[in-house]
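Student: would you be able to build a 3D model of this:
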Amino acid sequence: MKIVKTDKEWRDKLTQEEYQVCRAHGTEAPFSGKFYDYKGDGIYTCVCCDAPLFESLTKFDSGTGWPSYYEAVEDAIIETKDISHGMIRTEITCATCDAHLGHVFEDGPEPTGLRYCINSVCLNFEEEE
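Tutor: Prediction:
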């Protein structure tokens, strides 16, 4: 089920940085996010709507300064062609609320060969019980 809110509702719910990245398609600085080097066991969820996005078992150190995963939770994200900043990339957004999360690249590890490069500010973390 899609979650739809007004711009004001998103601004009221999110911090300024969360809004800038998730709703205005911004990017946090590399090596600055709380999850780029985080090693807990559990699931990463969307900061906007709490939808599950990535399992900690799929996280790897890409050396880029952003949390990276080789696989998303099934049906959790939407991929869209992004031609901003003079590049052709694949943007990923939350399938539940359309929050901008980051981009996916085809230079990740096996078994998928993908690297979901995600802004930490877009994520929450639920520890495994």
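
Student: can you pull out the residues in contact with the host helix or strand of Glu126?
Tutor: Using DSSP states H and E, Glu126 sits within strand 123-127. Residues outside strand 123-127 that contact it (CB atoms under 8 Å, 6 or more residues apart in numbering) are 35, 38, 40-47, 50, 53, 67. Yep, even glycine has a C-beta here, placed from its N, CA and C like the rest.

Student: try it again at 6 Å.
Tutor: 35, 40, 42-45, 47 (CB atoms under 6 Å, 6 or more residues apart in numbering).

Student: so which of the residues you listed is the closest to Gly63?
Tutor: Phe35 (15.1 Å; CB to CB).

Student: for Pro111, see how far away that closest one is.
Tutor: Using CB to CB, to the nearest Å, Phe35 is found at 22 Å from Pro111.

Student: who has more neighbours, these two?
Tutor: Legend: neighbour count by other CB atoms under 10 Å for Phe35 and Pro111, higher for Phe35 (21 against 9).

Student: OK, contacts around the closest residue to Ala29 other than its chain neighbours?
Tutor: Closest residue in space to Ala29, ignoring its immediate chain neighbours: Gly65 at 7.8 Å, by CB to CB, 6 or more residues apart in numbering. Gly65 makes contact with 30-31, 36, according to CB under 6 Å, 6+ apart.

Student: Phe60 too?
Tutor: Counting by CB under 6 Å, 6+ apart, Phe60 has contacts 68, 109.
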